[in-house]
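>>> test case, fold it:
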Amino acid sequence: MPGKPLQGWFTSVWDRVCAKVNKAVVFLDGPSAEVLHWCGGAARLFKAGAANVKEFSSFESAKEDQPKAVFVLTSVLKGQAMTIIRDIITASQFQYCVVVCTVNHYTHQTVHGAQESDSREVFDQFEEKMCEWMGNMNYTAEVLYEPVSFAPICPSLFTTPAYSSMFPLTPSDMDSIRQMRIARGEAVGEDCMKIDFSHLSTDMQIWIKMLASNISSLFEGLNIREDCYAVGPFSRVIASELASLNSAKNRRKTAANKASILFVDRSLDMVGPCGHQTDSLADKVITLLPRLQGHTVDVAINMTSLLSKGAQLYPQLICPGTLSHADSGSQALLNSFVTLKQKECLMDVNRHLVDVATQEKLLVSLPTKPGRLGAQQLEGHLKLFREPDSTRAFVQHAGVLQVAMAAVQTLNHPHYPHTEELISLEKTLMQNAGDQDCPTALHQLTQLLQEREESKGRDDRSRRQRCSVEDVLALLVFVYSLLGEEHVGTVEEEGRLRETMIHAILSQAHLSPELQSLVGENTTEDRIRSVINDVFVKLKGLGRARTGLQQFGSVFTPGSVTQVASYRPLVRQLMEQIFHPDKPDIPDIEHLSSGLTDLLKSGFRMFMSVSKPRPSDHALLLVYVVGGVTCQEVRLIREAVAAAKTETEVVVGSTRLLKPSDVVHQVLCQNNLFPDLGL
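Okay, here's the model as predicted:
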């Protein structure tokens, strides 16, 4: 089962939405708008006859001569979502309303405390409410379930924007759960690394049910019966929920195809996402260029340099370029960004630009001597499309030009040299780890932060830029995830670093958005001290995330006389073991049975020489990383699978694409125990 049918299904789901939008005002919430962005964009709705496309907000409404509305939502029809729908309807003159929701009626029944059944009663009741808000019970209202939750980035990668802030619980979160259960007088087991679905908050339980039902719908659309696997305690909960879905039982009985899905906790390996040692141009683009407003993947690309001088005078009036386009050329180029190393990717960018310029009969200046391909040469090709007589060519190849411009602006970005400095710091921290003659990671970070503070009075820009508090936070996540809490430094060194960080934050006249997200509005010393203390509690929890793993307990290989210290990404280790020709037992990958039949099979295996189920058993393996993934990891997975020479197709899915600042926010700032679904 190749990735192309998967891509086709992601976009085909929108066909059923488009069938409803003729002459309608379409209201999209943030995640559904982002998914549509990767499935044809708003143009697809307008082509289907939509009268207008608007943000899902209480401040929006339709004109008096627009009697039809379609709402596309990725949330439960309760609380905040219900309020906004009511506000929009009452402010308009609708006679026909359709709600397309990515949360099925089974999950809605759970939200309302009803028994799970095939009844549409919850949806029927909401349809009645919409008729009441329209002011006439004879008007028409519909509530439909469509899993428009998947954003196809390229054939081997998709994300689920509605779950972009979902992050696995770390040991410090599990400690909090244990304390709350003890306070309620509940009996707690000895296994600190185990989570049960019932231990989670109500909103978290609903969120997991939503994700499981969306993935089940994906398998239903592809006529697949899945085997569920998990690495990590949080992924185990999600995989168990998917395996036990009552609504999937009939599908599993009749499905013609088989596939495996492996859920992986992001918290088990945070080294790659918060580090900068990536050879992926896509990761650098996502890290350095500003995100497209309201998006978790795409970036805003400044295209004014290829436009008229008037446009360059008022760049704020020009819509930014993006990475997502419908034409095959730009899609192929984006796929290169994700799946190739930077050097190979730049060569492919150059090839695409030369091809389209030659196709349009533009005068391409090729270098007389072969040399290192860089931003200057690519920029020279792009400027060919700025000439007045090249307007048609610019429009014809706008997608390729925007993706190529993203590469140029990343290489020319003023912060690009700083990322090189951070790479050097990460390598130093890694090489010094485990060497008793070298300073510990906490000692080195304290020194770096002190140097920055001492340089404030001098005109020393390079030193001042070298290591900010935000950089230190990312580096702390890096070293704690890499080494574990026992190998980063002493208690005294931790105390000195805490005090240095507190002083550094207090000395800043204006906090950056990242620090504001961490500290909040109250910037008193007591508040900052409390926040920094909590940061180290979370970091220590992150350092214990792999506790209990037998085979994948480490992602670090210490240096020796013959080799330098190195980082071994968890996803690569997983793929190497899954596709190992000897098929060794993998104790850290848990298989979640989907019913009595699977349980009986597991029992018979204890008495018969039958091999255990493996994620590589079927033609399709879907690896879903809960908490975000990087393009570097996607490439590593592809390379490991290619090296194994297997016929199994591997597709990577995740809640989002990550950059270092996302990691800091997810681990240190947001409340992962109690997500707010607006219910």
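
>>> got the buried residues for the helix or strand where residue 355 lies?
Using DSSP states H and E, residue 355 falls within helix 342-359. The neighbour-count check on helix 342-359 (16 or more other Cβ atoms under 10 Å) flags 342, 345, 346, 348, 349, 350, 352, 353, 356, 357 as buried. In this view, the C-beta of every residue, glycine as well, is placed from N, C-alpha and C.

>>> next one: stretch 421-431
Applying a neighbour-count criterion of 16+ other Cβ under 10 Å, one finds 422, 425, 426, 429, 430 buried in stretch 421-431.

>>> which of the residues you listed lies closest to residue 567?
Proximity of those to residue 567 (Cβ to Cβ) peaks at residue 430, which lies at 6.7 Å.

>>> from residue 557, how far out is the closest one?
10 Å (Cβ to Cβ, to the nearest Å).

>>> ok so, going back, and the buried residues of stretch 421-431, which of them are in helices?
Using DSSP state H, 422, 425, 426, 429, 430 are the members of these that sit in helices.

>>> what touches both of residue 430 and residue 557?
Taking Cβ atoms under 8 Å, 6 or more residues apart in numbering as the contact rule, residue 430 and residue 557 both touch 565, 566, 567.

>>> before we move on, back to that, can you list the ones in helices among the buried residues of stretch 421-431 in a markdown table and add pLDDT?
Listed next are those as a markdown table, based on pLDDT from 0 to 100:
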| residue | pLDDT |
| --- | --- |
| 422 | 90 |
| 425 | 90 |
| 426 | 89 |
| 429 | 89 |
| 430 | 89 |
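
>>> what's the separation between residue 381 and residue 335?
Applying Cβ to Cβ, the value for residue 381 to residue 335 is 20 Å.

>>> again with residue 616
From residue 616 across to residue 335, the span is 24 Å (Cβ to Cβ).

>>> quick one, strands of this structure?
For the chain, the strands defined by DSSP state E occupy 25-28, 52-55, 68-73, 96-101, 140-145, 151-154, 157-159, 224-231, 257-265, 556-557, 566-567, 590-592, 620-626, 649-654.

>>> so which of those strands gets nearest residue 410?
strand 151-154 (17.1 Å).

>>> how far is stretch 294-308 from where the chain is centred?
In terms of Cα atoms, centre = their mean, to the nearest Å, the centre of stretch 294-308 is set 20 Å apart from its chain centre.

>>> quick one: end-to-end distance for it.
End-to-end distance for stretch 294-308: 28 Å, by Cα to Cα, to the nearest Å.

>>> avg pLDDT for that stretch?
Stretch 294-308 comes out with an average pLDDT of 89.

>>> who touches it?
Stretch 294-308 has contacts (Cβ under 8 Å, 6+ apart) with 30, 33-34, 37-38, 151, 153, 159, 161, 164, 285-286, 289-293, 311-312, 315, 318, 320-324, 382-383, 385-386, 394, 401-402, 405-406, 409, 656-657.

>>> which of those residues are buried?
Here, 16+ other Cβ under 10 Å leaves 30, 33-34, 37-38, 151, 153, 159, 161, 164, 285-286, 289, 291-292, 320-324, 382, 385, 394, 401-402, 405-406, 409, 656-657 buried among the contacts of stretch 294-308.

>>> just to revisit the earlier point, residue 616 and residue 335: who's more crowded?
residue 616 (21 against 18; other Cβ atoms under 10 Å).

>>> I'd like the strands of the chain as CSV, with distance to residue 210 appended.
Shown next, in CSV, are the strands of the chain (distance: least, Cβ to Cβ, whole Å):
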stretch, distance to residue 210
strand 25-28, 18
strand 52-55, 22
strand 68-73, 12
strand 96-101, 10
strand 140-145, 11
strand 151-154, 16
strand 157-159, 15
strand 224-231, 17
strand 257-265, 15
strand 556-557, 36
strand 566-567, 34
strand 590-592, 18
strand 620-626, 13
strand 649-654, 15
